[in-house]
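In: Need a 3D model of the following:
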Amino acid sequence: MNWSQRSNNTFRSLLLSLLLIAIPSFAAAQKKNTTPPPPPSKPAAAPPKPAEAHKPVAKPEAKPAPAPTGGATHTGTTTPHTGPMGGAKPSTPATAHSGTSIGVRTGSTPGTRTNGTSPTAKTEAVREYKPPVVVNRPGGGKSVTNAAGHTTSYNPAGKKTSLETNGGTKANFDHNGYIRTIHTRSGVTINHGAHGERRFETRHADGARIVGFGRGRGYSENRYFRGGHPYMRRTYFYGGRRYAYAYRGYYWHGHPYYGYVPPYYYASAYYGWAFNPWAAAVAFDWGWGAAPWYGFSGYYFAPAPVYDSAALWLTDYLLAANLQAEYEARAQANAAAAASDSAAAGGQLAITPEMKQLIADEVRAQIAAEKAATENPEPDAPVSNTPPPAGQRGPDEVPEALDPSLKTFVVSTVLSESMADGMECSLSPGDILTRIQDTSDSNQSVKVVVATSQRNDCLAGTQVAVAVTDLQDMHNDFRAKISEGLGKLAENQGKNGIPSGPPADSKPNPNGQAQPDLTVEADLKAQQAEASQAESDLQQASIVSPDSDD
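Out: Predicted structure coming up:
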């Protein structure tokens, strides 16, 4: 075949190939031109790639995020998922969940964030560290104020003595690091007894005072006048019952004091019988054997085996009444200190017969004073709430608590007292003090020695300064309990070994009568609420343990 024939054959083959390609395209074009277009529809979502099953589907309007590198945590806005990470459906949208964030690695792969935050999350500003302010005190010791504004004071031995919050509440500590006294900014003083008891005291500018013991128990004091002379009414509230005592007022060095006025007096002959010794010593069964307070206080107090006078009998009555009140206050407080009390070593001095005799001598002196008052009573005077004319304040008299012949005091309420090293210790009802100063200092306090004390209270032999008003309260309670005891003694004349004597023949004392204050219950509740708030403030200031220096 020549060259011309080969060229024709090639041309025909090329032409046939072009026709085979062109004919289907032409037919498709013809069909497209003749078929109407279908209605518009949403484009189908492209099926996700299996490899990206754990990634949340991005919102349509979101800008594409840069591809992660080196195993970094996903930068989307998903929240934690509660189920397993594997097996998530590809079509599941990136909605909020409550568990671990989807895609967050829990291992230690390089680049993985372990705080669960997004790389784009805003970083919190680092709070500037403020070092504590330390002030050294002359003579030793220091005060440290932390960044929150709470100031802790230490004595020269490094013991924490007090802490004052930035709100003005101040707490004082004992040697074991426990809070003994709290002073609030508003003027409430809170005493914490060594056995769990609490005592709240509020003093007002007008002379009124509220003293609470928790659980709605306590008393309120209000001044009034009788014949132009200052008096004070104390309304007690215990067990849902109100009753009141009267106290006659006087001044000493510009400060007011009040002395107990008996609501009734006994016959002069009965006082003489109670003052003089009995013909023979007698035994008496008090019936305390099964009483819980008596079993608890057995290490500290025991009644006399025999009694040769009413004064000694009244002494045991007085001590037992205070110890019973202390035990009831402890029970009301649900004191957690009971375990430590039972585990504590003795170490405290029990009440000796010699100490009882000192108290009995003061009982006889009080019986003689009441006998004299019965024989020379003060005239009845009208009651008024109107103060006397300006400048007339009442007589200037030495308080009974500073009488040189009166040295021994039985504690009647929970108190906290400061010691020489700046620490505090507690006094409980039934502890006994001996006053060693006759003149008060600039703080209206006098030095006393702790003669006997119960476990965890101020150690016997400790010297502390006690406010004269507190000593006067002890003496007033002493007088009130002696008056009550004389009534009990009259009931027991000729019984249980007690000799018979003249009838008591009690008569009301007009100047000792007082009407209860009807607002005492509400006042005590309001005070307790304020005290509880102060204690809560101290807890927030991290006073939670003996070793806390926050």
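
In: Please make it C-alpha for all contacts and neighbour counts, starting now.
Out: OK.

In: which stretch of helix or strand covers residue 496?
Out: Residue 496 belongs to no helix or strand when elements are defined using DSSP states H and E.

In: which residues does it contact?
Out: By CA atoms under 8 Å, 6 or more residues apart in numbering, the residues touching residue 496 are 283, 284, 285.

In: Look up the pLDDT of it for me, please.
Out: For residue 496, the pLDDT comes out at 89.

In: mind listing which of the contacts of residue 496 are in strands?
Out: Among these, none falls in strands (DSSP state E).

In: Then residue 316 would be within a strand, right?
Out: No. Counting by DSSP: H, G, I helix; E, B strand; the rest coil, residue 316 is not found in a strand; it is helix.

In: Could you measure from the residue lying closest to it once chain neighbours are set aside over to residue 433?
Out: Leaving aside its chain neighbours, residue 316 sits nearest to residue 303 (6.0 Å; criterion: CA to CA, 6 or more residues apart in numbering). Relative to residue 433, residue 303 is positioned 19 Å away (CA to CA, to the nearest Å).

In: Out of these two, name the residue with the larger neighbour count.
Out: residue 433 (26 against 21; other CA atoms under 10 Å).

In: show me the residues around the more buried one that make contact.
Out: Per CA under 8 Å, 6+ apart, neighbours of residue 433: 408, 409, 410, 411, 448, 449, 450, 451, 452.

In: for these, which one is nearest residue 459?
Out: residue 450 (6.9 Å; CA to CA).

In: close enough to count as contact, that closest one and residue 466?
Out: No. Judged on CA atoms under 8 Å, residue 450 makes no contact with residue 466 at a distance of 10.8 Å.

In: List of residues touching the one helix or strand residue 270 maps to?
Out: Taking DSSP H and E as the criterion, residue 270 maps to helix 268-275. For helix 268-275, contacts defined as CA under 8 Å, 6+ apart pick out 309-311, 364, 367-368, 370-371, 374-375, 501-504.

In: same thing but 10 Å
Out: 265, 309-311, 313-314, 361, 363-375, 486, 489-490, 500-506 (CA atoms under 10 Å, 6 or more residues apart in numbering).

In: Buried subset of those, written for ChimeraX?
Out: Listed next is the ChimeraX selection for buried residues among the contacts of helix 268-275, using 16 or more other CA atoms under 10 Å:
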select :265,309,310,311,313,314,361,363,364,365,366,367,368,370,371,374,486,489,490,503,504
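
In: which one of the contacts of residue 433 is nearest residue 216?
Out: Nearest to residue 216 among the contacts of residue 433: residue 411, at 21.8 Å, using CA to CA.

In: Identify the residues contacting the residue nearest to that closest one when sequence neighbours are not counted.
Out: Nearest residue to residue 411, sequence neighbours excluded (CA to CA, 6+ apart): residue 429, at 4.8 Å. Going by CA under 10 Å, 6+ apart, residue 429 touches 319-327, 329, 410-415, 453-454, 474.

In: Please list only the buried members of those.
Out: 319-327, 329, 410-415, 453-454, 474.

In: Show the contacting residues for residue 331.
Out: Here residue 331 is in contact with 195, 196, 197, 293, 325, 338 (CA under 10 Å, 6+ apart).

In: export these to TSV and tack on secondary structure and distance to residue 185?
Out: TSV is the format used below for the contacts of residue 331 (DSSP: H, G, I helix; E, B strand; the rest coil; distance: CA to CA, whole Å):
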residue	secondary structure	distance to residue 185
195	coil	26
196	coil	23
197	coil	22
293	helix	36
325	helix	30
338	helix	32
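
In: Could you rank the residues you listed by neighbour count and give me the top one?
Out: Ranked by neighbour count under the definition other CA under 10 Å, these are headed by residue 195 with 27 neighbours.

In: That residue against residue 328, yeah?
Out: No. Counting by CA atoms under 10 Å, residue 195 stays clear of residue 328, with 11.0 Å between them.

In: Now the element after whatever helix or strand residue 162 lives in, going C-ward?
Out: For residue 162, the host element (DSSP H and E) is strand 160-164. Later in the chain than strand 160-164, the nearest helix or strand by DSSP H and E is strand 170-173.

In: Now that next one - C-alpha only, PDB.
Out: The C-alpha trace of strand 170-173 is given here as PDB (Å, rounded to 0.1, in the frame of the first residue of the first chain):
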ATOM      1  CA  LYS A 170     -11.500  40.700 118.700                       C
ATOM      2  CA  ALA A 171     -10.800  37.300 120.300                       C
ATOM      3  CA  ASN A 172      -8.500  36.400 123.100                       C
ATOM      4  CA  PHE A 173      -6.900  33.000 123.600                       C
END
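
In: Note down every partner strand of that strand and its orientation.
Out: As defined by DSSP bridges, the strand partners of strand 170-173 come to strand 160-164 (antiparallel), strand 179-183 (antiparallel).

In: gap between that strand and the chain center?
Out: In this view, strand 170-173 has its centroid 12 Å away from the chain centroid, taken as CA atoms, centre = their mean, to the nearest Å.

In: Buried residues, it. List them.
Out: 170, 171, 172, 173.

In: quick one on the thing from earlier: select from the contacts of helix 268-275 every entry located in helices.
Out: 310-311, 313-314, 361, 363-375, 486, 489-490 (DSSP state H).

In: longest single strand anywhere in this protein?
Out: strand 241-252.

In: helices or strands up against it?
Out: strand 217-226, strand 229-238, strand 255-261, helix 520-540 (3 or more CA pairs under 10 Å, 6 or more residues apart in numbering; DSSP states H and E).

In: Which among these is found nearest to residue 166?
Out: Nearest of the helices and strands packed on strand 241-252 (CA to CA): helix 520-540, 9.7 Å.

In: With pLDDT, distance to residue 154 and secondary structure as added columns, please give the contacts of residue 433 in TSV.
Out: Formatted as TSV, the contacts of residue 433 follow (pLDDT from 0 to 100; distance: CA to CA, whole Å; DSSP: H, G, I helix; E, B strand; the rest coil):
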residue	pLDDT	distance to residue 154	secondary structure
408	98	34	strand
409	98	32	strand
410	98	32	strand
411	98	29	coil
448	97	25	strand
449	97	25	strand
450	96	25	strand
451	96	29	strand
452	96	29	strand
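
In: re earlier: who wins on neighbours among the contacts of residue 496?
Out: That'd be residue 284 among the contacts of residue 496, by other CA under 10 Å, with 16 neighbours.

In: which residues touch it?
Out: 303, 304, 305, 306, 307, 313, 495, 496, 497, 498.

In: Would you reformat these as CSV and include distance to residue 205?
Out: Formatted as CSV, the contacts of residue 284 follow (distance: CA to CA, whole Å):
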residue, distance to residue 205
303, 43
304, 46
305, 49
306, 49
307, 47
313, 41
495, 50
496, 51
497, 52
498, 49
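
In: Kindly give a single ChimeraX line that selects the buried subset of the residues you listed.
Out: The following ChimeraX line selects those of the contacts of residue 284 that are buried, judged by 16+ other CA under 10 Å:
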select :303,307,313,498
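
In: Of the contacts of residue 284, which is the nearest to residue 351?
Out: For the contacts of residue 284, the minimum distance to residue 351 (CA to CA) is 9.9 Å, reached by residue 303.

In: tell me the contacts of that closest one?
Out: 284-286, 288, 312-313, 315-317, 319-320, 351, 353, 356.

In: intersection of neighbour lists for residue 450 and residue 466?
Out: The contact lists of residue 450 and residue 466 share 433, 435, where a contact means CA under 10 Å, 6+ apart.

In: picking up where we left off before, now the strands paired with strand 170-173 in CSV, with mean neighbour count, mean pLDDT and distance to residue 237?
Out: Putting the strands paired with strand 170-173 into CSV (neighbours: other CA atoms under 10 Å; pLDDT from 0 to 100; distance: least, CA to CA, whole Å) gives the following:
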stretch, mean neighbour count, mean pLDDT, distance to residue 237
strand 160-164, 24, 91, 32
strand 179-183, 25, 91, 23
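
In: what would those strands look like in CSV with distance to residue 207?
Out: Converted to CSV, these look like this (distance: least, CA to CA, whole Å):
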stretch, distance to residue 207
strand 160-164, 27
strand 179-183, 18
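
In: The nearest residue to residue 385 once chain neighbours are set aside pairs with what?
Out: Once flanking residues are discounted, residue 385 sits nearest to residue 224: 5.0 Å by CA to CA, 6+ apart. Residue 224 has these beta-bridge partners by DSSP bridges: residue 231.
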